[in-house]
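Asker: show me how the following folds:
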Amino acid sequence: MTTETEDLTEKEQEDKVRTERLDSMEMVIDFLRNNPVIPLPRWGYVSSYNWNNDDLKAVVRAMSPCSKEVTPSFYKLAVNIGDIEFSTNFNREEVCKKKVVGTREVAEVVYEAHTEDIVEWTCPDSLLGGNDES
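Answerer: Numbers count the residues shown, from 1 in each chain. Modelled structure (predicted):
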């Protein structure tokens, strides 16, 4: 016996996951709108990671005009939508060409042994509507 997901092609599965994720994002927006006591996410950005570098040209066209940035790990494209920055990231090693333009000395950092506390946090059950007696 096969499940509905097993009968889908890889593309259909990706489309299904995309639709479910977008629906979930809309649910988060509705949840925050309906519960103004809950703070908004602090940072004004949303990032995605594109592991299929074959789509790079199509993504650039879809996001243009956009800013481009090379980070320590990614080639990042970003666009502002309202006051939110949306970015998508590609694996820098696969998208960009590495060129050695010089060398530099790097100091070795050695940390001295020291003692540090091992801690455990106990939060009251009353925060979730329970009682504090355990």
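Asker: using PDB, write out every CA atom in stretch 109-119.
Answerer: Provided in PDB are the C-alpha atoms of stretch 109-119 (Å, rounded to 0.1, in the frame of the first residue of the first chain):
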ATOM      1  CA  VAL A 109      44.400  32.100  20.200                       C
ATOM      2  CA  VAL A 110      44.900  29.900  23.200                       C
ATOM      3  CA  TYR A 111      42.400  29.900  26.100                       C
ATOM      4  CA  GLU A 112      43.700  29.300  29.600                       C
ATOM      5  CA  ALA A 113      41.900  26.500  31.500                       C
ATOM      6  CA  HIS A 114      39.300  27.900  34.000                       C
ATOM      7  CA  THR A 115      36.400  26.800  36.000                       C
ATOM      8  CA  GLU A 116      32.900  27.700  34.900                       C
ATOM      9  CA  ASP A 117      29.500  27.100  36.500                       C
ATOM     10  CA  ILE A 118      27.200  24.400  35.300                       C
ATOM     11  CA  VAL A 119      23.700  25.800  35.700                       C
END
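Asker: where are the low-confidence patches of this protein?
Answerer: The chain contains residues with pLDDT under 70 at 1-5, 130-134.
Asker: which one's the longest helix in it?
Answerer: Counting by DSSP state H, the longest helix found in the chain is helix 10-34.
Asker: next secondary structure element downstream of that one?
Answerer: Scanning forward in sequence from helix 10-34 by DSSP states H and E, the next helix or strand is strand 45-50.
Asker: buried stuff in that next one?
Answerer: Asn50 (16 or more other Cβ atoms under 10 Å). For glycine as for every other residue, the C-beta is placed from the backbone atoms N, C-alpha and C.
Asker: that one: what's the following helix or strand?
Answerer: helix 56-63.
Asker: so how far is that following helix from its chain's centroid?
Answerer: 19 Å (Cα atoms, centre = their mean, to the nearest Å).
Asker: neighbouring contacts of it?
Answerer: Residues from elsewhere that reach helix 56-63, judged by Cβ atoms under 8 Å, 6 or more residues apart in numbering: Asn50, Cys66, Leu77, Val79, Thr88, Phe90, Val95.
Asker: could you work out the most separated pair of these?
Answerer: Spanning the widest gap among the contacts of helix 56-63 are Val79 and Val95, at 17.6 Å by Cβ to Cβ.
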